[in-house]
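S.K.: This is a predicted model, with the sequence first.
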Amino acid sequence: MADQAGSRLVPHGWNTDLTLAANLQFLATRSAPEYVEFSTSASPLRWHLATNGPQIDEQGMITVPQSAGLGIELDEATVDRYRIS
């Protein structure tokens, strides 16, 4: 729909490596490069939910993860630590 309307589409969802990875995978399907939000929050869920979360390189770019699924591995210790029963 965004393409049909001639509009840009920048998804919002930056608070963990899980949502960042999902946004990167989505944006990789788009025909034109687009921005992605990258949180610098001090939240432990932001920085420790994945063991291999996407990182910004020296040129300010983020590589789309290439592994299966979203391309990241959840840190099970962090998931257990913040799990709500």
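M.R.: Right, received. Where do you want to start?

S.K.: Helices along the chain, start to end?
M.R.: With helices called from DSSP state H, the chain shows them at 2-5, 17-27, 44-48, 76-82.

S.K.: Let me know which of the ones you listed is the nearest to residue 11.
M.R.: Across those, residue 11 has its closest neighbour in helix 17-27 (4.8 Å, CB to CB). All C-beta spots, glycine's among them, are computed from the backbone N, C-alpha and C.

S.K.: Only C-alpha atoms, please: export the closest one in CSV.
M.R.: Provided in CSV are the C-alpha atoms of helix 17-27 (Å, rounded to 0.1, in the frame of the first residue of the first chain):
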residue,chain,number,x,y,z
ASP,A,17,17.0,-6.8,19.3
LEU,A,18,14.0,-9.0,18.6
THR,A,19,12.0,-6.1,17.1
LEU,A,20,15.0,-4.6,15.5
ALA,A,21,15.8,-7.9,13.7
ALA,A,22,12.2,-8.2,12.6
ASN,A,23,12.3,-4.6,11.2
LEU,A,24,15.6,-5.3,9.4
GLN,A,25,14.1,-8.4,7.8
PHE,A,26,11.0,-6.5,6.7
LEU,A,27,13.1,-3.5,5.3
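
S.K.: Nearest residue to residue 74 in space, please, no chain neighbours.
M.R.: Excluding the flanking residues, the one nearest residue 74 by CB to CB, 6 or more residues apart in numbering is residue 50, at 6.0 Å.

S.K.: Ok, which of the helices of the chain comes nearest residue 67?
M.R.: helix 17-27 (9.7 Å).

S.K.: Spatially, what comes nearest to the residue positioned nearest the centre of the chain if we skip its sequence neighbours?
M.R.: Compute the mean C-alpha point of the chain, and by CA atoms, centre = their mean the closest residue is residue 20, 1.2 Å away. Closest residue to residue 20 apart from its sequence neighbours, by CB to CB, 6+ apart: residue 54 at 5.5 Å.

S.K.: what sits up against the helix or strand bottoming out on mean pLDDT in the chain?
M.R.: Sorting the helices and strands of the chain by mean pLDDT, DSSP states H and E puts helix 2-5 at the bottom, at a mean of 88. Residues from elsewhere that reach helix 2-5, judged by CB atoms under 8 Å, 6 or more residues apart in numbering: 8-9, 31.
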